[in-house]
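**Student:** Here is a sequence together with a model predicted from it:
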Amino acid sequence: MPDTLNIQNIDFQKTLDAKVLCEGIGLHSGCKIRMQILPAEPNQGIIFIREDVANSQKIYASYKSVSDTKLGTTIANKAGYKVRTIEHLMAAFMGLKIDNAIVILSGNEVPIMDGSSKIFVDLINEVGIREQFVKRKVIKLLREIAVYDGKSSIIATPSNDFTINYKIDFEDPAIGIQKQKFSILGSNFDKEISTARTFGMLKEVEYMHKNGLALGGSIENAIVVDNGKVLNPGGLRFKDEFVRHKILDLCGDIYLSGKHFLGNISAVCAGHEINNKFLWKLFSDKNNFQEIEAYNLISMEEVTSAVA
């Protein structure tokens, strides 16, 4: 069956119903970070504020604000104040269709928590999500966009759905070649994607620690592999958890477009840098996309089950 754009009810913008508070370790600093997520007014988008810096000003979650893509996605404002490792939280916002929120941090990074988006998703679901009765707009891709960087690539084509088809290829046999495809609109994001954790090789973790990098990284917040073995005592949450996490990262980075997205994305060995390059190319030409008013979008599978 063809993709279906199910236009039944207007899809309104959403925010949190109440404040969320959590604490965790910063991946880079290894220091404890306190984070508050507050409801925000319609059309505000996602805004970060550093409470550890006087007059730090707002830091907007935008592809234009990305200042670094090493070991995660970092955004900065014109004054030079940064927030690091935002992608897992941004993926949670995208998956839960949160359009507007204010994130207040006690340091310069989002806490890594368990290395996935699960805790953020659970905390937001716990306080609830409310509609704001202001129409949401989405980015609908109108023509193919392709970005290549060595063995990495992202190719996006028009669709009435938002699907991600992802392939990774790592030398360590614990990961190897993995492929996965999800319809983000139709998937159970909180169970199928948000729980997938970040990962790394033991030798890379040891090297970074010796050089003062990723000081908060451990098997408590990442999958660590070495010579074909997963070192985490609990093993994997999914046999293909690695590629699922790359899909999660891509969701978070794509949401720096500032709006939800309609299109098919095929990614091969992609990372934060090429994810950001894709958005710059997408918005470099107004003929690449169209902003449309969103309606309640559901997959064909959901349509079938609803009428069964």
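**Tutor:** Received, thanks.
**Student:** Identify the residues contacting residue 280.
**Tutor:** By Cβ atoms under 8 Å, 6 or more residues apart in numbering, the residues touching residue 280 are residue 63. (Glycine included, C-beta is placed from N, CA and C.)
**Student:** That one sits in which helix or strand?
**Tutor:** For residue 280, the element it lies in under DSSP states H and E is helix 272-282.
**Student:** contacts for the very next helix or strand once past that helix?
**Tutor:** Going down the chain from helix 272-282, the next helix or strand is strand 289-293, by DSSP H and E. Defining contact as Cβ under 8 Å, 6+ apart, one finds that strand 289-293 is touched by 10, 135-142, 259, 282-283.
**Student:** just the residues you listed now: which is nearest residue 171?
**Tutor:** Taking Cβ to Cβ as the measure, residue 171 lies nearest residue 282 of the contacts of strand 289-293, at 31.4 Å.
**Student:** Quick check, that closest one in contact with residue 144.
**Tutor:** No: the pair residue 282 / residue 144 is not scored as a contact, 10.9 Å apart, by Cβ atoms under 8 Å.
**Student:** the more surrounded of the two?
**Tutor:** Just comparing residue 282 and residue 144: by other Cβ atoms under 10 Å the higher neighbour count belongs to residue 282, 21 against 12.
**Student:** Report the separation between that one and residue 134.
**Tutor:** Distance of residue 282 to residue 134, given as Cβ to Cβ, to the nearest Å: 24 Å.
**Student:** Angles on the backbone of the spatially most central residue of the chain, please.
**Tutor:** Nearest to the mean C-alpha position of the chain, counting by Cα atoms, centre = their mean, stands residue 252 at 1.6 Å. Dihedral pair for residue 252: phi -60, psi -40, per degrees, to the nearest 10.
**Student:** Next: the one 5 residues further on.
**Tutor:** Main-chain dihedrals, residue 257, degrees, to the nearest 10: phi -70, psi -20.
**Student:** In contact with it, which residues?
**Tutor:** By Cβ under 8 Å, 6+ apart, the contact set of residue 257 is 63, 139, 279, 282-283.
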